[in-house]
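Chemist: Below are the sequence and a predicted model for it; my questions follow.
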Amino acid sequence: MHRVRNRFVLSLEALVLCANMVCSNVFAVSDSRNPQDWYAKAQADLEVARLAYERTNDYDVICFLSHQAVEKTLKGALFGQGMIPDKSHDTARLLDRYLHFKPELKSFDIPLRRLDDLYTPSRYPKPGLEISQEDAEKSLETADHLINQIQTH
């Protein structure tokens with residue numbers, strides 16, 4: 001029994017070592033600092049969110065993709081100002097940092113807080129929490145307006 005346990009521990013250690021080597025290589029690649037790269041990814045997320053809204057009732061997917069689009073747009077905008085964005089999914093916090101450059105976006109603070117509130121429930125099952133069509137519509141509208149304000153001005 002002791003011998004089997006030792007082999008298992010060694011196998012587990014080898015597996016962890018291999019996983020760390022693979023993950024470290026994947027995550028060692030740094031994110032682009034080109035705002036246009038971030039904006040392109042944001043536009044792709046927004047387009048898929050629009051398609052999901054038109055063709056499905058997957059309101060959680062629409063909220064998630066809307067959030068992703070906003071997050072990527074704000075990170076791109078911060079890179080565009082020479083800043084390094086936080087490794088955060090908190091869009092209200094990212095907006096707060098960007099307000100130094102574009103204070104007229106302050107009106108997005110409350111809608112982004114709502115978008116942030118929907119972020120985790122849109123990714124994981126939460127018993128008793130239902131994301132509504134109205135949540136999806138508002139998330140998509142918020143993303144669309146904010147992205148338009150940042151990318152076209």
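Modeler: Noted; the coordinates are in hand. Residues are numbered from 1 along each chain as shown.
Chemist: Okay, helices next: where are they in the protein?
Modeler: For the chain, the helices defined by DSSP state H cover 2-27, 35-55, 59-80, 91-98, 109-123, 133-151.
Chemist: most neighbours per residue, which of those helices?
Modeler: Stretch with highest mean neighbour count among those: helix 59-80 (a mean of 25; mean count of other CB atoms under 10 Å). For the C-beta atoms, the positions are set from N, CA and C on the backbone; glycine is no exception.
Chemist: quick one on the thing from earlier: I'd like the helices of the chain laid out as JSON lines, including mean pLDDT.
Modeler: JSON lines is the format used below for those (pLDDT from 0 to 100):
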{"stretch": "helix 2-27", "mean pLDDT": "45"}
{"stretch": "helix 35-55", "mean pLDDT": "97"}
{"stretch": "helix 59-80", "mean pLDDT": "97"}
{"stretch": "helix 91-98", "mean pLDDT": "97"}
{"stretch": "helix 109-123", "mean pLDDT": "94"}
{"stretch": "helix 133-151", "mean pLDDT": "97"}
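Chemist: so what's the backbone phi/psi at H89?
Modeler: Main-chain torsions, H89, degrees, to the nearest 10: phi -100, psi 10.
Chemist: Just the pLDDT at it, thanks.
Modeler: On pLDDT, H89 comes in at 94.
Chemist: could you list every residue that touches it?
Modeler: Under the criterion of CB atoms under 8 Å, 6 or more residues apart in numbering, the neighbours of H89 are 67, 71, 116, 119.
Chemist: Please report how far it lies from L115.
Modeler: Between H89 and L115 the distance is 10 Å, computed by CB to CB, to the nearest Å.
Chemist: Leaving out sequence neighbours, find the closest residue to A49.
Modeler: Using CB to CB, 6 or more residues apart in numbering and skipping the chain neighbours, the partner closest in space to A49 is L65 (3.7 Å).
Chemist: quick one: the one you found and A42 touch, right?
Modeler: No: using CB atoms under 8 Å, L65 makes no contact with A42, being 10.0 Å away.
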